[in-house]
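Enquirer: Structure of the sequence below:
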Amino acid sequence: MLRAVSPSTVTNLWEKYETSRMDERNHQRTGAPRKIAPRRDQVLVRASERDRFETAPQHRREQTAEGTRLSVSRIKRLLREGNMNGRVAIISEEALDC
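Expert: Numbers count the residues shown, from 1 in each chain. This is a model prediction of the structure:
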């Protein structure tokens, strides 16, 4: 059975819902804060796509030079999340003949 609800009740409920949603988005998160922004994750993945033979320790040295200290395991994890799974440089015999 449907009942009529006053517009002010609906408005009050909606405002309460919106306020609680904002609180959920801005709540304090557990764990350590991120060292780099998600945008920098994308930059790291793009750099890895450009130079596919660059290793995680080499990426780490570049990040350290830019002022961000990341562990090699964190860089590997970021690359996996960006669908850049572990790659092994395979050198063909033709390339060695050059």
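
Enquirer: Mind naming the longest helix for the chain?
Expert: helix 7-25 (DSSP state H).

Enquirer: what packs against it?
Expert: On a contact count with 3 or more C-beta pairs under 8 Å, 6 or more residues apart in numbering; DSSP states H and E, helix 7-25 meets no helix or strand. Backbone N, C-alpha and C define where each C-beta goes, glycine included.

Enquirer: Export it to CSV, keeping only CA atoms.
Expert: Provided in CSV are the C-alpha atoms of helix 7-25 (Å, rounded to 0.1, in the frame of the first residue of the first chain):
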residue,chain,number,x,y,z
PRO,A,7,7.9,16.9,0.1
SER,A,8,9.8,18.1,3.1
THR,A,9,10.2,14.5,4.4
VAL,A,10,11.7,13.5,1.0
THR,A,11,14.0,16.5,1.0
ASN,A,12,15.2,15.9,4.5
LEU,A,13,15.9,12.2,3.7
TRP,A,14,17.7,13.1,0.5
GLU,A,15,19.9,15.7,2.2
LYS,A,16,20.7,13.1,5.0
TYR,A,17,21.6,10.5,2.3
GLU,A,18,23.8,13.0,0.4
THR,A,19,25.6,14.1,3.6
SER,A,20,26.3,10.5,4.6
ARG,A,21,27.6,9.7,1.2
MET,A,22,30.0,12.6,1.3
ASP,A,23,31.2,11.4,4.7
GLU,A,24,31.9,7.9,3.3
ARG,A,25,34.0,9.3,0.4
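
Enquirer: Let me know the next secondary structure element after it.
Expert: helix 38-50 (DSSP states H and E).

Enquirer: Touching that next one from outside, list them.
Expert: Outside helix 38-50, the residues within contact range by C-beta atoms under 8 Å, 6 or more residues apart in numbering are 36, 54, 59, 62, 63, 68, 75, 78, 79, 81, 82, 84.

Enquirer: Return the members of those residues classed as buried.
Expert: Buried members of the contacts of helix 38-50, scored by 16 or more other C-beta atoms under 10 Å, are 36, 59, 63, 75, 78, 79, 84.
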